[in-house]
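Engineer: Let me see the structure of the following:
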Amino acid sequence: MVFIAISLGTGRVHLEDNRSGRTEATVRVETWVQSDRSLWDGAILPPHPAGQPKITLLSMTIPPGVRLESHLHPVLNAGVLLSGALTVVTEESGTLPLRPGDALVEVVHTWHYGINEGKTSAELVVFNAEANGIPLSIRRESSP
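Structural biologist: Residues are numbered from 1 along each chain as shown. This next block holds a predicted model:
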């Protein structure tokens with residue numbers, strides 16, 4: 001059996017294998033984003049809802065020319081665009097163009113949508129910190 005302990009501050013990983021003893025390796029750890037505010041509009045993130053926490057990690061692929069419906073997130077979420085291009089639009093703050101490698105702490109309780117105006121699919125990974133019973137997003141009845 002192999003046990004792994006990671007020290008994020010040093011980037012050192014200790015591997016302990018009961019068959020061969022202890023070895024060490026260097027692992028690259030990169031923080032994509034860390035914030036107590038939306039990196040979009042600078043608003044302070046709301047308190048996390050009470051209740052049993054639930055984590056969702058999902059990937060999205062948005063084909064070229066697709067515009068997502070207007071929606072809002074009642075929970076905290078963050079993402080990173082892996083490939084392609086995506087423009088996110090809010091009613092209050094205008095537009096935010098995202099390129100590969102861009103990380104974002106999303107707006108909360110703000111109507112917005114994304115549109116892929118590029119020629120290739122936009123691929124992103126999104127992390128949601130939620131509470132059971134609260135949806136990841138709420139679609140607007142009629143998009144503007």
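Engineer: C-alpha only now, for contacts and for neighbours.
Structural biologist: Noted.
Engineer: who touches Cys117 in this structure?
Structural biologist: Not Cys; residue 117 is Glu. Going by CA atoms under 8 Å, 6 or more residues apart in numbering, Glu117 touches 64-66, 85-87.
Engineer: Secondary structure, pLDDT and neighbour count for those residues - can I get that in TSV?
Structural biologist: TSV is the format used below for those (DSSP: H, G, I helix; E, B strand; the rest coil; pLDDT from 0 to 100; neighbours: other CA atoms under 10 Å):
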residue	secondary structure	pLDDT	neighbour count
Pro64	coil	95	17
Gly65	coil	94	13
Val66	coil	95	15
Ala85	coil	96	23
Leu86	strand	96	25
Thr87	strand	95	16
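Engineer: Looking at the record's assignment, how would you partition the chain?
Structural biologist: According to automatic domain parsing, the chain comprises the domains 1-30, 53-139.
Engineer: Tell me, how many residues neighbour Thr31?
Structural biologist: By other CA atoms under 10 Å, the residues close to Thr31 number 7.
Engineer: no, scratch that, I was asking about Glu69
Structural biologist: Glu69 has 18 neighbours, counted by other CA under 10 Å.
Engineer: Which helix or strand contains it?
Structural biologist: Per DSSP states H and E, Glu69 falls between elements, in no helix or strand.
Engineer: could you measure it against Leu45, distance?
Structural biologist: Glu69 sits 23 Å away from Leu45, going by CA to CA, to the nearest Å.
Engineer: Ser83 too?
Structural biologist: Distance from Ser83 to Leu45, by CA to CA: 27 Å.
Engineer: now do Thr31
Structural biologist: Distance of Thr31 to Leu45, computed by CA to CA: 19 Å.
Engineer: Could you list the low-pLDDT ranges of this structure?
Structural biologist: Within the chain, the stretches with pLDDT under 70 are 1-28, 142-144.
Engineer: Please enumerate the strands of it.
Structural biologist: 2-7, 12-17, 21-26, 53-62, 71-72, 76-83, 86-90, 94-98, 103-105, 112-115, 122-131, 138-139 (DSSP state E).
Engineer: Could I get the contacting residues of the nearest residue to Trp111 once chain neighbours are set aside?
Structural biologist: In space, and not counting its chain neighbours, Trp111 is closest to Leu72: 4.8 Å by CA to CA, 6 or more residues apart in numbering. By CA under 8 Å, 6+ apart, the contact set of Leu72 is 108-112, 137-140.
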